[in-house]
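K.L.:
Need the 3D shape of this:
(one chain, ligands or ions: 2)
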Amino acid sequence: MANDATAPITQDLVTIPRKLPEGDKTNLVGLTRDQLREALLAIGTPEKQVKMRVGQIWQWIYQKGVRTFADMTNLAKDYRATLEQHFVIELPEVVSRQVSDDGTRKYLVRIAGGHEVETVYIPEEDRGTLCISSQVGCTLTCSFCHTGTQKLVRNLTAGEIIGQVMLARDDLGEWPRPGRHPKDETRLLSNIVLMGMGEPLYNFENVRDAMKIAMDPEGISLSRRRITLSTSGVVPEIARTAEEIGCLLAISFHATTDEIRDKLVPINKRWNIATLLDALRDYPRLSNSERITFEYVMLKGVNDSDEAARRLVQLIRGIPAKINLIPFNEWPGAPYERSDWKRIRSFADIIYKAGYASPIRTPRGEDIMAACGQLKSATERARKSRAQIAAEAGLD
Ligand code: SAH
Ligand code: SF4
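P.N.:
Ligands and ions are numbered 1, 2, ... in the order given. Next up is the predicted model:
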């Protein structure tokens, strides 16, 4: 049957790899410096030269954006040929790019196995932020989040995570010319937020390795203060985030009682509000200049009362924080509505008067479904029903 050329071909987009692997060539994108070193030694790079070679190849890939070994002109020709034989420099494939009226760009990105994730670029006056995904879908099932309704889940590799940064730089035309290093403030892509699809702390090692690459001064060279990781509250990994990545932290808080948070962010049943706040109070990098962001989605009649705002400031007392209010972004079948603007302003006012910054996040890219929580692969098939979503949220 396998050899029968007339047999019908059944295609399953979810499982077909986008390219047949080229022999057993290793993709260098996403390797840590140590892994790159090992890979170069394995192809016979002399021990004495390897440190220098790692540095050279690293710079070609992450500083100059070069994709073929032939272009690595400071390496000997035969060495370039050997590299070519064993390695590739490959990014995930951009399937489509949509540009919103407000300049937001949403990339649909295909990774190995045919899975798709979304990456969103948000230009602002003083910065350009890339919102990247860490998983296909998410194993957590926050009841207000579109991604959480997607059944299919796999962790992204470090290469697929840093690859999103590189493909956005390709699209923005932002690989610096040799010898020129634009300051962070003047870069088109100046900030990264791990706020796309997935729970980054359930894919810790790959997220860490990718962010180390983003911060490496010989490459993309973003300051750790320009990277923010958002978690729904995976308590055991929070201290590690400070120690091993050193980026800023955002917490998807969203509720001020365990009863409501259990429904909105079900991971709360495992690590409740008190446990989460204890972990944040112990956060190794806690300081006024590196405040923790509390994300709070505004859901009409659910978590948006003045009383809830007062409870929120009580709860977080003592933690250097800012509170980012996110007007709920609707998606088809969502069991919630966005709070009225008057309600959001009243909530924000209480927090502000208690001494906390309380910016209201302007929804960006709504016309292309690029706003927070709207991300979900278009090809994803196993959709949960409206009833299932409501049931899991405890809303039925
Ligand atoms: N999984 C991580 C990071 C991705 S979500 C986390 O949950 O923190 C990024 C932010 O968008 C989170 O604060 C999330 O709670 C919020 N969000 C999810 N769905 C949303 C929606 N429909 N409207 C507004 N914000 C939403
Ligand atoms: Fe996952 Fe975050 Fe969405 Fe919750 S809000 S389902 S943790 S992506």
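
K.L.:
Name the secondary structure element that contains residue 51.
P.N.:
For residue 51, the element it lies in under DSSP states H and E is helix 47-58.

K.L.:
What lies in contact with that helix?
P.N.:
Residues from elsewhere that reach helix 47-58, judged by CB atoms under 8 Å, 6 or more residues apart in numbering: 28, 33, 36-37, 40-41, 45, 72, 74-75, 79, 83, 216, 218-219. (Glycine included, C-beta is placed from N, CA and C.)

K.L.:
now with 10 Å?
P.N.:
Contacts of helix 47-58 from elsewhere in the structure, counted by CB atoms under 10 Å, 6 or more residues apart in numbering, are 28, 31, 33-41, 45-46, 66, 69, 72, 74-75, 79, 83, 87, 89, 213, 216, 218-219.

K.L.:
after that helix, next one along is what?
P.N.:
Downstream of helix 47-58, the next assigned helix or strand under DSSP H and E is helix 77-86.

K.L.:
That next one: how far from the chain's middle?
P.N.:
33 Å (CA atoms, centre = their mean, to the nearest Å).

K.L.:
Quick one: mean pLDDT for it?
P.N.:
The average pLDDT for helix 77-86 rounds to 97.

K.L.:
Contacts for it next, please.
P.N.:
Residues outside helix 77-86 that contact it (CB under 10 Å, 6+ apart) are 23-26, 28, 39-40, 42-45, 49, 53, 56-57, 68-76, 89.

K.L.:
Please identify the buried residues of that helix?
P.N.:
Taking 16 or more other CB atoms under 10 Å as the basis for neighbour counts, the residues of helix 77-86 that come out buried are 79-80, 82-83, 86.

K.L.:
got it, and stretch 331-351?
P.N.:
331, 334-336, 338-339, 343-344, 347-348, 350-351.

K.L.:
Which among the contacts of helix 47-58 count as buried?
P.N.:
With neighbours counted by 16+ other CB under 10 Å, the contacts of helix 47-58 contain buried members at 28, 31, 33, 36-37, 39-40, 45, 66, 69, 72, 75, 79, 83, 87, 89, 213, 216, 219.

K.L.:
filter the contacts of helix 47-58 down to the ones close to ligand 1.
P.N.:
Checked against ligand 1 using CB under 6 Å from any ligand atom, the contacts of helix 47-58 give no members in range.

K.L.:
Just to check, residue 233 is in contact with residue 140?
P.N.:
Yes - A contact is recorded between residue 233 and residue 140 when judged using CB atoms under 10 Å, the distance being 9.5 Å.

K.L.:
Against which helices or strands is whichever helix or strand residue 40 is part of packed?
P.N.:
Mapping residue 40 onto the secondary structure by DSSP H and E places it in helix 33-42. Judged by 3 or more CB pairs under 10 Å, 6 or more residues apart in numbering; DSSP states H and E, the packing partners of helix 33-42 are strand 26-27, helix 47-58, helix 77-86, strand 87-88, helix 204-215.

K.L.:
pLDDT averaged over the helix or strand that the fourth one is followed by - what is it?
P.N.:
The one in question is strand 87-88. Helices and strands here follow DSSP H and E; after strand 87-88, the next one along the chain is strand 93-99. The pLDDT scores in strand 93-99 average 94.

K.L.:
which secondary structure elements does strand 93-99 contact?
P.N.:
strand 105-110, strand 116-123, helix 158-172.

K.L.:
most tightly surrounded among those?
P.N.:
Mean neighbours per residue, mean count of other CB atoms under 10 Å, is largest over these for strand 116-123, with a mean of 24.

K.L.:
between it and strand 105-110, how many degrees?
P.N.:
Computed by axes from the mean of the first three to the mean of the last three CA atoms, to 10 degrees, the angle separating strand 116-123 from strand 105-110 equals 160 degrees.

K.L.:
Which neighbours in the sheet does strand 116-123 have, and how are they oriented?
P.N.:
Each strand pairing with strand 116-123, determined using DSSP bridges, is listed with its direction: strand 105-110 (antiparallel), strand 128-131 (antiparallel).

K.L.:
Show me the one of these that comes nearest residue 306.
P.N.:
Residue 306 sits nearest to strand 128-131 of all the strands paired with strand 116-123, at 30.7 Å, using CB to CB.

K.L.:
Give me the contact list for that closest one.
P.N.:
Residues outside strand 128-131 that contact it (CB under 10 Å, 6+ apart): 103-107, 118-123, 164-165, 167-169, 172, 174, 187-197, 214, 222, 226, 228, 230, 364-365, 370-372, 375.

K.L.:
again, only this time at 6 Å
P.N.:
Residues from elsewhere that reach strand 128-131, judged by CB atoms under 6 Å, 6 or more residues apart in numbering: 120-122, 168, 188-193, 195-196.

K.L.:
Report the mean per-residue pLDDT for the helix holding residue 51.
P.N.:
Rounded to a whole number, the mean pLDDT of helix 47-58 is 98.

K.L.:
hmm, back to that, which stretch among the strands paired with strand 116-123 comes nearest ligand 2?
P.N.:
strand 128-131 (11.5 Å; CB to the nearest ligand atom).

K.L.:
what's the spacing between that closest one and its chain's center?
P.N.:
The offset between the C-alpha centroid of strand 128-131 and the centroid of the whole chain comes to 10 Å, using CA atoms, centre = their mean.

K.L.:
Show me what the mean pLDDT comes to for it.
P.N.:
In this model, strand 128-131 has an average pLDDT of 96.

K.L.:
can you tell if that strand touches ligand 2?
P.N.:
No - Strand 128-131 stays clear of ligand 2 (CB under 6 Å from any ligand atom), getting no nearer than 11.5 Å.

K.L.:
Stretch 107-118 too?
P.N.:
No - applying CB under 6 Å from any ligand atom, one finds stretch 107-118 separated from ligand 2 by no less than 11.4 Å.

K.L.:
Check the separation of the first and last residues in that stretch.
P.N.:
Using CA to CA, to the nearest Å, one end of stretch 107-118 lies 6 Å from the other.
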